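A.B. asks: A structural model of the following input is requested.
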Amino acid sequence: MNKLIVSSSPHIKSKDSTSRIMLDVLIALLPITVAGAIIFGLEALLVVGICVVSSVLSEFVFNIIVKKEQTVGDFSAAVTGLILALNLPARADAWWQCIIGSVFAIIVVKCLFGGLGCNFANPAATARVFLLISFTGALGGGNAPLYSSSPELVSGATPLEVLTSGGEMPSITDMLLGLRGGAIGETCIVAILIGFIYLVVRRVIHFETPLVFIATVFVLSLIVDNSFYIATYQILSGGLIFAAVFMVTDYVSTPITRSGKMIFAVGCGLITFLIRYYGNYPEGVSFSILLMNILSPYIEKLTSKRPLGGKKA
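C.D. replies: Model prediction:
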């Protein structure tokens, strides 16, 4: 017999459900997946397939082992696998690392903490950091695009690496279309913006959270370098815009209050900037999200509203 859970009023019924929200996220990720396949070829689709299947199977098998009700139907495991895949380079020879990363994201970061809604950190971001540290040679950096208008892009160096070394950067057009080195889902800014608009229209995310994250990195880069050129390439390079739309807006591992989300986004931008400019890694997005996930409960407590006449706990 199901237990009756009674909470204090008001009781607000919403048409939204976990499966509907996750399905919207999957739809928003489709243009990016298609763009990644066009830019990097069939290897990109292979990495996507491996990560998604591994993630779904990991949750399915875990639920069977612990005799828990199956939750793969809410599409959250598929979303995690797809986001992780789009954060990785299109390298089919690293298939077993992709499986390890997917299993780590679902079982270690998500299921062992109680499943969706109980994990303290973003599974895809945490798995990306885990893979980057463990398999830097195989899954660090990115791939060169199959087609490019610039011969210098054939080397496959990511724009962040070129910025660090002081080489010639791709054109803004190439940056927007994804004709440059990088991970599967981070290069085509146009496809990411299509997904962003879809999620905002469907009211899955608040538009200001990604913008605050991006603006923080832009402003700090502008202050340090005093160059609109470099600041613009800083926000267009790496996985910053992809993470701003699909990872910084995560429901579970970020504060629920709107002001808390803004603080979270600023913190992610600040840490990303510090790692990029003063750290050993050219990219700092996943690290920043993981670090801010740890601070998320404190930000939420700090920004939570008290009922009128209520006393501070």
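A.B. asks: low-confidence ranges in the stretch 101-250 of the chain?
C.D. replies: For the stretch 101-250 of the chain, the stretches flagged by pLDDT under 70 are 148-157, 164-167.
A.B. asks: what are the ranges of the helices in it?
C.D. replies: Remark: helices assigned in the stretch 101-250 of the chain by DSSP state H, counting those that start in this stretch are 123-134, 136-139, 159-165, 172-177, 189-201, 208-225, 228-236, 240-246.
A.B. asks: tell me what the first one is packed against?
C.D. replies: Same thing as helix 123-134. Helices and strands touching helix 123-134, as assessed by 3 or more C-beta pairs under 8 Å, 6 or more residues apart in numbering; DSSP states H and E, comprise helix 76-86, helix 95-103, helix 285-303. Every C-beta, even on glycine, is put in place using the N, C-alpha and C of the backbone.
A.B. asks: how about a cut-off of 10 Å?
C.D. replies: Judged by 3 or more C-beta pairs under 10 Å, 6 or more residues apart in numbering; DSSP states H and E, the packing partners of helix 123-134 are helix 42-65, helix 76-86, helix 95-103, helix 136-139, helix 240-246, helix 285-303.
A.B. asks: ok so, going back, determine which of the helices of the stretch 101-250 of the chain approaches residue 37 most closely.
C.D. replies: helix 189-201 (10.9 Å; C-beta to C-beta).
A.B. asks: Of the helices of the stretch 101-250 of the chain, which stretch is the most buried?
C.D. replies: helix 240-246 (a mean of 27; mean count of other C-beta atoms under 10 Å).
A.B. asks: tell me what whatever helix or strand comes next after that helix is packed against?
C.D. replies: Note on helix 240-246: by DSSP states H and E, the next helix or strand toward the C-terminus is helix 258-278. Packing partners of helix 258-278 (3+ C-beta pairs under 10 Å, 6+ apart): helix 159-165, helix 208-225, helix 228-236, helix 240-246, helix 285-303.
A.B. asks: want to throw the helices of the stretch 101-250 of the chain into a markdown table with distance to residue 67?
C.D. replies: As requested, those are arranged in a markdown table below (distance: least, C-beta to C-beta, whole Å):
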| stretch | distance to residue 67 |
| --- | --- |
| helix 123-134 | 22 |
| helix 136-139 | 34 |
| helix 159-165 | 46 |
| helix 172-177 | 49 |
| helix 189-201 | 35 |
| helix 208-225 | 38 |
| helix 228-236 | 47 |
| helix 240-246 | 32 |
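A.B. asks: of all those helices, which lies closest to residue 91?
C.D. replies: For residue 91, the closest of the helices of the stretch 101-250 of the chain is helix 136-139, at 6.6 Å, according to C-beta to C-beta.
A.B. asks: Need the mean per-residue confidence for stretch 257-271.
C.D. replies: When pLDDT is averaged over stretch 257-271, the result is 94.
A.B. asks: what does stretch 86-97 give?
C.D. replies: For stretch 86-97, mean pLDDT is 92.
A.B. asks: and the end-to-end length of that stretch?
C.D. replies: 14 Å (C-alpha to C-alpha, to the nearest Å).
A.B. asks: Tell me if I'm right that residue 299 and residue 255 touch.
C.D. replies: Yes: counting by C-beta atoms under 10 Å, residue 299 touches residue 255, with 4.8 Å between them.
A.B. asks: quick one: common contacting residues for those two?
C.D. replies: Common neighbours of residue 299 and residue 255, using C-beta atoms under 10 Å, 6 or more residues apart in numbering, are 261-264, 292.
A.B. asks: what sits against residue 24?
C.D. replies: By C-beta under 10 Å, 6+ apart, the neighbours of residue 24 are 16, 75, 79, 195, 198-199, 201-205.
A.B. asks: Sorry, wrong one. I was asking about residue 265.
C.D. replies: Counting by C-beta under 10 Å, 6+ apart, residue 265 touches 206, 208-216, 244, 248-249, 254-255, 292.
A.B. asks: 6 Å instead, please
C.D. replies: Applying C-beta atoms under 6 Å, 6 or more residues apart in numbering to residue 265 gives the contacts 209, 212-213, 248.
A.B. asks: State the distance from it to residue 84.
C.D. replies: Separation of residue 265 from residue 84 (C-beta to C-beta, to the nearest Å) stands at 21 Å.
A.B. asks: just so I know, which of the helices of the stretch 101-250 of the chain lies nearest residue 88?
C.D. replies: Closest of the helices of the stretch 101-250 of the chain to residue 88 is helix 136-139, at 5.7 Å (criterion: C-beta to C-beta).
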